[in-house]
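Colleague: Quick one: sequence plus predicted model below, questions after.
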Amino acid sequence: MQLNRSILIVEDEEVIRSSLAEFLTSEGYETMQASTVAKALELARDRDFNVAICDVQLPDGDGIELLRRLQNIKPSIFVLIITAYATVENTISAFKAGAFDYLVKPVIFDDLSHKLNRLFEYQKIFYENQILRRELARSPGIEEIVGSSKTLQKLQSTIRKIAATNSNVLLSGESGTGKELFARSIHSNGPNREQRFLAVNCGMRPIELLESQLFGSAASSLQYPQAEQTGVFKNADGGTVYLDEISQLPLGTQGKLLRAIEYGEILPLGSAEPVKVDVRLIASTTRDLAEMVKTGEFEQDLFYRLDGMKIHIPALRERVDDIPELVEYFIAKHSRKMGKRVTGATSETIRALMSAEWKGNVRQLDNAIERAVMMCDDTLICLNDLPPELHQNEPPLPDVDDLRLALRHYERMHITRVLKDSADKREAAKRLKLGLSSLYRKIEELDIELE
């Protein structure tokens, strides 16, 4: 996260104020100066400062009181107090008022630089926690799952049954299939639907920050006075935690997660006291966890805990019948967002979309329709509005009304593609969910040429 590096210096002694500004500017910070409380408050109302460095003794007021007033103007501002005498009483007063740290006159620049580096490191954690709290405060309502294919209907039936049990769930499937959307559906159809749903990406953060967000941290575990946080497991207590791409979770963290599942307790970083939690865990993966167990990359006991209630989220090519409905949904969504009057797509465009490979699945389709709506100059998306790769490789479905001919064309094209992507016919038959003899019959019936 890119943090604002603008600092307000409030100091009545001009020599100190100027030298601080010169040093901080050389360190890459933007600075503004004030010699009084009144001027500091005026600047704070007009500018968005991330940090304020305030002297305790000012001509028209007290630095501690200024700290409180600055935080009323902007609650997220961080303040360093400058004091001539580092007494215990002054230090306690500053921290009680909300100061991040203090500096003793004469200010040593190396000390100031160290404290600012520490402050900005803490800010990264602070803002991550703010994002987390906003996520927790959001309504956990279910987003619409679009489609009416038999594949999707079967999946939704399974979800309704599993959701009612409140058991932990593992979602498997390719990237872009919408696993988080289905996780939210499980939560929204479960007994704790009124409680919180919180999603965490296991591969997006350093281990220490990830574990701190998952299990919480005591103030003593970090080198920052205000760094204590409860973590998502405690914040989502009674609700659901969704761990996206659990295969990327470090082995050590997997062990801690296993304890949370088995014993319903977590150990915050830096704490010796476990904390009881009661959450439903939904995890997702694009990798084969069983293979990862064999190679020692995934905790076996954790795998067994998750694999018992496993749901496969189908790739878009496994639910092609849903594409027209998805296209309609995404056109409405992006047209509304862009303020355009695109109402649909031509039949040629729909045929092209239904015949595409969609290696990026629903996410790729969403992006393609967003681009098409942007490029469209009419009310209907035409073939040229789509990304070039979607209409320059394979021919679209035939322009015929006869459903049997259209299905035969698509079936031939689909089986041909799977055969090309498979090591042999046995693997292709398995992917197509056909018996090997049935695949041979299809090859003959559809006159598929084999390389």
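Modeller: Looks like it arrived, so ask away.

Colleague: switch to C-alpha atoms for all contacts and neighbour counts from now on
Modeller: Noted.

Colleague: Now do the nearest residue to I311 once chain neighbours are set aside, the pLDDT please.
Modeller: Spatial nearest neighbour of I311, excluding adjacent residues (C-alpha to C-alpha, 6 or more residues apart in numbering): L171 at 5.0 Å. pLDDT for L171: 96.

Colleague: does L171 belong to a helix or a strand, and which?
Modeller: Using DSSP states H and E, L171 falls within strand 169-172.

Colleague: In its sheet, which strands sit next to that strand, and in what direction?
Modeller: strand 280-285 (parallel), strand 310-312 (parallel) (DSSP bridges).

Colleague: coming back round to it: quick one: the residue nearest to I311 and T177 touch, right?
Modeller: No. L171 lies out of contact with T177 (C-alpha atoms under 8 Å); the separation is 10.6 Å.

Colleague: count of residues packed around A423?
Modeller: Other residues near A423 number 10, with proximity taken as other C-alpha atoms under 10 Å.

Colleague: Identify the residues contacting L407.
Modeller: By C-alpha atoms under 8 Å, 6 or more residues apart in numbering, L407 lies in contact with nothing.

Colleague: Just the C-alpha atoms of the helix or strand harbouring it, please, in CSV.
Modeller: L407 belongs to helix 403-421 when assigned by DSSP H and E. Extracted in CSV, the C-alpha atoms of helix 403-421 (Å, rounded to 0.1, in the frame of the first residue of the first chain):
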residue,chain,number,x,y,z
LEU,A,403,-30.7,-27.0,-32.4
ARG,A,404,-29.4,-30.5,-33.3
LEU,A,405,-27.0,-29.2,-35.9
ALA,A,406,-25.7,-26.5,-33.6
LEU,A,407,-25.2,-28.9,-30.8
ARG,A,408,-23.4,-31.4,-33.1
HIS,A,409,-21.1,-28.6,-34.3
TYR,A,410,-20.3,-27.6,-30.8
GLU,A,411,-19.8,-31.2,-29.6
ARG,A,412,-17.4,-31.9,-32.4
MET,A,413,-15.4,-28.7,-31.7
HIS,A,414,-15.4,-29.4,-27.9
ILE,A,415,-14.2,-33.0,-28.2
THR,A,416,-11.5,-32.0,-30.8
ARG,A,417,-10.1,-29.4,-28.4
VAL,A,418,-10.0,-31.8,-25.4
LEU,A,419,-8.3,-34.4,-27.5
LYS,A,420,-5.6,-31.9,-28.5
ASP,A,421,-5.1,-30.9,-24.9
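
Colleague: The residue nearest to I311 pairs with what?
Modeller: S284, I311.

Colleague: Any idea how far apart the tips of stretch 259-268 sit?
Modeller: 13 Å (C-alpha to C-alpha, to the nearest Å).

Colleague: Any idea how far the helix holding L407 is from the middle of the chain?
Modeller: Remark: helix 403-421 is offset 36 Å from the chain centroid, using C-alpha atoms, centre = their mean, to the nearest Å.

Colleague: Give the residue farthest from the middle of this structure.
Modeller: P59 (48.1 Å; C-alpha atoms, centre = their mean).

Colleague: need the contact list for that one.
Modeller: 12, 36-37.

Colleague: gap between it and A97?
Modeller: Using C-alpha to C-alpha, we find P59 at a distance of 20 Å from A97.

Colleague: mind showing which ranges of the chain have poor pLDDT?
Modeller: 1-4, 75-76, 85-91, 124, 126-144, 204-205, 219-228, 391-406, 451 (pLDDT under 70).
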